[in-house]
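# this one's sequence-less:
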């Protein structure tokens, strides 16, 4: 009997329809079974359906689902359990679409071996031993070692590296029945270590301190490392006063020296909050596929330490998921939890995170977004520190050079070039209704802006309205004219020509360069979908989202737009003395006076509706429409320029405009008769 043929395998959507509606974690996997992304959900089926139906608007989701071949999920009892499981799964699998710390195993900690009869301090990079309390992570190894040194000046305590402490520990482990009389045994047979003689060791090795007295020292050190020094300082002052009252001046002097050490720390730790609050303030700075994170650890109103990290932020991860992912990873690694965590954006899973942090600390912990006041100022400082730390990391590791080389090789492959495009030129047009039309030319050499080669052009063609096709044809004819190509001041022939605007600009460039007899590889970048149109294929080239090549192309395009807008505003500013209204057909001096009388200022005129303008005596409806349309175009252009400028902070860098002096100085080289 023939075996019936097996039906087609159920699709991902059909499988998701059978997923449990309980809380839990889901794991999207590729065809090889590798975990691509780990997430948590209160309702697994509902959350996973958002991925399958692409109703989740995060940019990474379409690419994630395109790479997904299967999934797993784990059902748990609550959202809190799902969060803990998510953290563990991310740490285990390190999925490429999840936020994670780079090299998180290398961060140092200060540890106290709590399970020992005489706990010791130690500098370590592991944090998994049971019975040990860890403080950190510290991102500066020298700072961690210096902290241990300061702590022992204030409260004498054994080091885990001390040979005599190790000897005492071995004896206690060999004879556990003598734990209660260990001090007497060491007094008879022990020998004091060097640290005891210089006042940094308590004398465990010589039987000079009992386990009970030592435990009090350990408690003081724990409070100190946690940043809670107020009660500790008060206790030392009481101890010094008591010693002085008993005429024990030597002991009082020792306590005074400890207080002086603490005062020296206070001088270095700036007060940032007016009240003695325990707060962690987190700031981020994003660049491409990595981000910098900075945590200001504020204890009792003072910044006790600063922790800085580099994040593998995942691919196209939004700011909310970046912050949420970092909070999970960072607070999973530290036992030093504050009462309040300040983050730059509101978190959708804030309630779950608050519950998890509260359970770990044993007291209520809040997560907030500071909007004003001292904490908002501190958040700005944290963001600035994250920026500088990321810049140092990129310089130290050569990250930017590696990404640039990778981008050039990717462009060579994607655009079928003969070699990596070492010289890229990009053009952009800026105009309003054909008025003050200008073009910019920016040059990237070896993947970096070459501002000495920037040029700008005034479009000479008489245009009644915006016409990028005509404008692009003109500027290319002038840039690549034989006399310009022979002029050394214009640089060499480009390896790649990028045009902002997609297919229309590409068509204009192909026709113009064909007339000039030039063969220059080119591509038109569509503004909406970030697609590259090429002459040799009707289908656009789509560079992988998050790739180095796409980042470079967008950076080149944004720089060309910024440079064009800058020149356009300069010309427009000179023309503002004439008036925007001079550009409106049908508006002469008489009608301008009527509008000025009716509205009093240009601001009020821009805020007026078309009906309000038409209601002005002497202004026909068709003229009112032209006035309204022109004013809207100006406002839209200004807003577009503002958004572009804000976006440049993360793409082309905040200092992009600083180097325009060389380009502006050389602008007239393009056309001496401008």
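Looks like it arrived, so ask away. On a predicted model such as this, the values are computed, not experimentally measured, just so you know.
# now do the contacts for residue 549.
406-408, 410-411, 414, 543 (Cβ atoms under 8 Å, 6 or more residues apart in numbering). Every residue, glycine included, has its C-beta placed from N, CA and C.
# most neighbours among these, which one?
Most neighbours among the contacts of residue 549, by other Cβ atoms under 10 Å: residue 411, with 28 neighbours.
# separation between that residue and residue 523?
Look at residue 411 and residue 523: by Cβ to Cβ, to the nearest Å, they are 9 Å apart.
# and the helices in the stretch 101-250 of the chain?
Under the criterion DSSP state H, counting those that start in this stretch, helices of the stretch 101-250 of the chain are mapped to 141-154, 163-174, 182-189, 194-197, 211-225, 230-245, 249-268.
# list the buried residues of the second one.
Read it as helix 163-174. 164-165, 168-169, 172 (16 or more other Cβ atoms under 10 Å).
# from the contacts of residue 549, which is closest to residue 559?
Lowest distance from residue 559 to the contacts of residue 549 (Cβ to Cβ) belongs to residue 407, with 14.4 Å.
# what about the closest one, which helix or strand?
helix 399-414 (DSSP states H and E).
# now do the strands in the stretch 1-150 of the chain.
Assigned by DSSP state E, counting those that start in this stretch, the strands in the stretch 1-150 of the chain fall at 24-29, 35-41, 70-75, 100-101, 109-112, 121-124, 133-135.
# residue 83: which of these is closest?
Once the strands of the stretch 1-150 of the chain are compared by Cβ to Cβ, strand 35-41 is nearest, at 5.8 Å.
# which residues are in contact with each of residue 411 and residue 523?
residue 496.
# now residue 620, what are its backbone angles?
Dihedral pair for residue 620: phi -60, psi 160, per degrees, to the nearest 10.
# quick one: the helices in the stretch 501-650 of the chain, in order.
503-516, 548-575, 589-599, 602-607, 610-614, 621-647.
# quick revisit: and residue 176, which of the strands of the stretch 1-150 of the chain is closest to it?
The nearest among the strands of the stretch 1-150 of the chain, by Cβ to Cβ, is strand 109-112 at 20.9 Å.
# how distant is that closest one from the center of its chain?
29 Å (Cα atoms, centre = their mean, to the nearest Å).
# ok, and for that strand, which residues are buried?
Result for strand 109-112 [16+ other Cβ under 10 Å]: buried residues 109-112.
# and the helices of the stretch 101-250 of the chain as CSV, adding mean pLDDT and distance to residue 335?
Shown next, in CSV, are the helices of the stretch 101-250 of the chain (pLDDT from 0 to 100; distance: least, Cβ to Cβ, whole Å):
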stretch, mean pLDDT, distance to residue 335
helix 141-154, 80, 15
helix 163-174, 85, 23
helix 182-189, 72, 28
helix 194-197, 82, 26
helix 211-225, 85, 10
helix 230-245, 73, 19
helix 249-268, 66, 21
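# any chance of CSV for the ones you listed, columns distance to residue 449?
Listed next are these as CSV, based on distance: least, Cβ to Cβ, whole Å:
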stretch, distance to residue 449
helix 141-154, 36
helix 163-174, 58
helix 182-189, 69
helix 194-197, 57
helix 211-225, 47
helix 230-245, 52
helix 249-268, 40
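# so which of the ones you listed gets nearest residue 479?
Going by Cβ to Cβ, the one of the helices of the stretch 101-250 of the chain nearest residue 479 is helix 141-154, 53.6 Å.
# sorry, back to before: out of the helices of the stretch 501-650 of the chain, which one sits most buried?
helix 548-575 (a mean of 21; mean count of other Cβ atoms under 10 Å).
# pretty sure residue 499 sits in a helix.
No. Residue 499 sits outside any helix when classified using DSSP: H, G, I helix; E, B strand; the rest coil, being strand.
# that one touches residue 509, doesn't it?
Yes. Using Cβ atoms under 8 Å, residue 499 is in contact with residue 509, at 5.6 Å.
# anything in contact with each of those two?
472, 522, 524.
# go through those residues and name the one nearest residue 248.
residue 524 (85.6 Å).
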